[in-house]
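**Q** no sequence on this one, just coordinates:
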């Protein structure tokens, strides 16, 4: 009997599921939007029961659309956004809303720990910077503001670990995810009392479940989950992984030769190595899904989420018009066509992609700079596309202090669906951009994990070799190199000039 794999991708804005065979062929996909809850300024939450319901619906849909028998599913594996906080009470229900990785309520703790130079002491173990949406800061916030929530909490999870708990009834924290939270000793791949005590959260180690590896089988589908999802009771569920690891596997990143760039809600730029980097100038070093490797990451919420906001604010009428005309192209394809009405040299507008904060400053804000009356919305759209890529370039520049400049970039995320945008990535970086086949690459990475976990392949390397296919390649246009270098130079100058202005715009 032929075996199939289901990958589930629990992003901060969408839940997705897809079914694959052992050759990586994608048979069906489904998705549901995750609604955000904004109770106060700086808070970004979701309803955990609604998140679980979305997972159940998408799994049911891919089973129905693929017409694959549930018993043919060899394994289910989940990936999801890192950080944030998902708490489960002693009765198995959510202890509160989930907190998403763009939340900033706990910023004051980051500022305090920065002033105290805590990271100088802990960096050799944590190997990453700290920010407000990490669970260390969020736990401190809950201790001070919602002690009643913690009093009823049994388990602390990351997003995909909560979903796996609902699938299996077994509580574990998976290593690649947990190694990005500043809660463990990354080199030892273990919880560390010194780290937890430094953050003032040692008493809450008791709610942190045991650690497991990505390819460990962490339970099977329960009767309740089978009824909710349509899966067969007893189907194995792998540990899964941090979404940055899933994207790495989905592009075939199994050694130091490849570079992965994810242009999604977050803009992630990453490479792997057997030698970890513990440096204050490295945003994050975490344990990669492949044993013996570490993933080095530069990233921030400065990527395609900025375009999503821009489109939702200024192109909803275009979206409705496309529907009225019965056109199947998306509003994002429409935006790409508008961008093609301009050339890189047509205007000097700059867009700073800091609508959700940025790595250059805690106070960073989004900005459109250089507008004049002769320009059209096509010029503005081009600036938004370019500004997001410049955000990735800022991160890549930092990464190349610790690795070789990549010879190719394998691109995933929303931008990879756009030929216009993919070509712009190649032109801005002057590096060929390769796009792997498949609509849901996060789900593919999870499926690769499941294929290895259940022995369909003897290693991650062989699973990737058989399941990853490069669909398109975009060579850079050398004619645009100087133009984009000049634009990026002005982008950097603008960042420096706006630092004091951003601080003045931030409420005290």
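**A** Yep, that arrived. The structure presented is a predicted model; accordingly, all values stated were derived computationally and were not measured.
**Q** give the contact list for the residue nearest to residue 51 when sequence neighbours are not counted.
**A** Using C-beta to C-beta, 6 or more residues apart in numbering and skipping the chain neighbours, the partner closest in space to residue 51 is residue 34 (6.0 Å). Yep, even glycine has a C-beta here, placed from its N, CA and C like the rest. By C-beta atoms under 8 Å, 6 or more residues apart in numbering, the contact list for residue 34 reads 10, 11, 12, 13, 14, 15, 46, 50, 51, 54.
**Q** Quickly list what the fifth one is bridged to.
**A** Each beta-bridge partner of residue 14 is listed here, defined by DSSP bridges: residue 33.
**Q** circling back: so which of the contacts of residue 34 are in strands?
**A** Among those, the members found in strands (DSSP state E) are 10, 14, 15, 46.
**Q** and the residue lying closest to the third one once chain neighbours are set aside, how far is that from residue 105?
**A** The reference is to residue 15. Among residues not flanking residue 15 along the chain, residue 54 sits closest, at 4.1 Å (C-beta to C-beta, 6+ apart). Residue 54 sits at a distance of 24 Å from residue 105 (criterion: C-beta to C-beta, to the nearest Å).
**Q** before we move on, what about residue 24?
**A** With distances taken as C-beta to C-beta, residue 24 is found 40 Å from residue 105.
**Q** hmm, back to that, need the contacts of residue 34 in JSON lines with neighbour count, can you?
**A** Below are those laid out as JSON lines (neighbours: other C-beta atoms under 10 Å):
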{"residue": "10", "neighbour count": "31"}
{"residue": "11", "neighbour count": "22"}
{"residue": "12", "neighbour count": "26"}
{"residue": "13", "neighbour count": "17"}
{"residue": "14", "neighbour count": "18"}
{"residue": "15", "neighbour count": "27"}
{"residue": "46", "neighbour count": "21"}
{"residue": "50", "neighbour count": "17"}
{"residue": "51", "neighbour count": "23"}
{"residue": "54", "neighbour count": "25"}
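**Q** Out of those, which is nearest to residue 82?
**A** Nearest to residue 82 out of those is residue 12 (C-beta to C-beta; 9.7 Å).
**Q** What residues does that closest one make contact with?
**A** 34, 44, 46, 81, 84, 100, 101, 102, 159, 265.
**Q** So which of the residues you listed are in strands?
**A** Judged by DSSP E, the subset of these located in strands is residue 46.
**Q** Highest neighbour count among the contacts of residue 12?
**A** residue 159 (31 neighbours; other C-beta atoms under 10 Å).
**Q** so what's that one closest to, chain neighbours aside?
**A** Closest to residue 159 by C-beta to C-beta, 6+ apart is residue 80, at 3.8 Å.
**Q** Check residue 415 too.
**A** That would be residue 263: by C-beta to C-beta, 6+ apart, it lies 3.5 Å from residue 415.
**Q** what about the closest residue to residue 152 other than its chain neighbours, neighbour count?
**A** Closest residue to residue 152 in three dimensions, ignoring its sequence neighbours and counting by C-beta to C-beta, 6+ apart: residue 89, at 4.7 Å. Using other C-beta under 10 Å, residue 89 is surrounded by 15 other residues.
**Q** Return the per-residue confidence for residue 89.
**A** Note for residue 89: predicted pLDDT of 98.
**Q** close enough to count as contact, it and residue 95?
**A** Yes - taking contacts as C-beta atoms under 8 Å, residue 89 lies within contact range of residue 95: 4.3 Å.
**Q** Mind listing the shared neighbours of the two?
**A** When C-beta under 8 Å, 6+ apart defines a contact, the residues bordering residue 89 and residue 95 alike are 152, 153, 154.
**Q** Where does the last one sit, in terms of helix or strand?
**A** Right, residue 154. strand 153-157 (DSSP states H and E).
**Q** Would you mind pulling up the elements that that strand packs against?
**A** Helices and strands touching strand 153-157, by 3 or more C-beta pairs under 8 Å, 6 or more residues apart in numbering; DSSP states H and E, are strand 86-89.
**Q** which outside residues touch the strand it packs on?
**A** With contact meaning C-beta under 8 Å, 6+ apart, strand 86-89 is reached by 48, 94-96, 98-99, 149-150, 152-159, 161-162, 165, 171, 207.
**Q** List the buried residues for that strand?
**A** Residues of strand 86-89 classed as buried by neighbour count (16 or more other C-beta atoms under 10 Å): 86, 87, 88.
**Q** if I look at the last one, how far off is residue 273?
**A** In this view, residue 88 and residue 273 are 35 Å apart by C-beta to C-beta.
**Q** How about the helix ranked longest in the chain, which residues are buried there?
**A** In the chain, taking DSSP state H as the definition, the longest helix is helix 481-505. By neighbour count on 16+ other C-beta under 10 Å, the buried set for helix 481-505 is 484, 487, 488, 491, 495, 498, 502.
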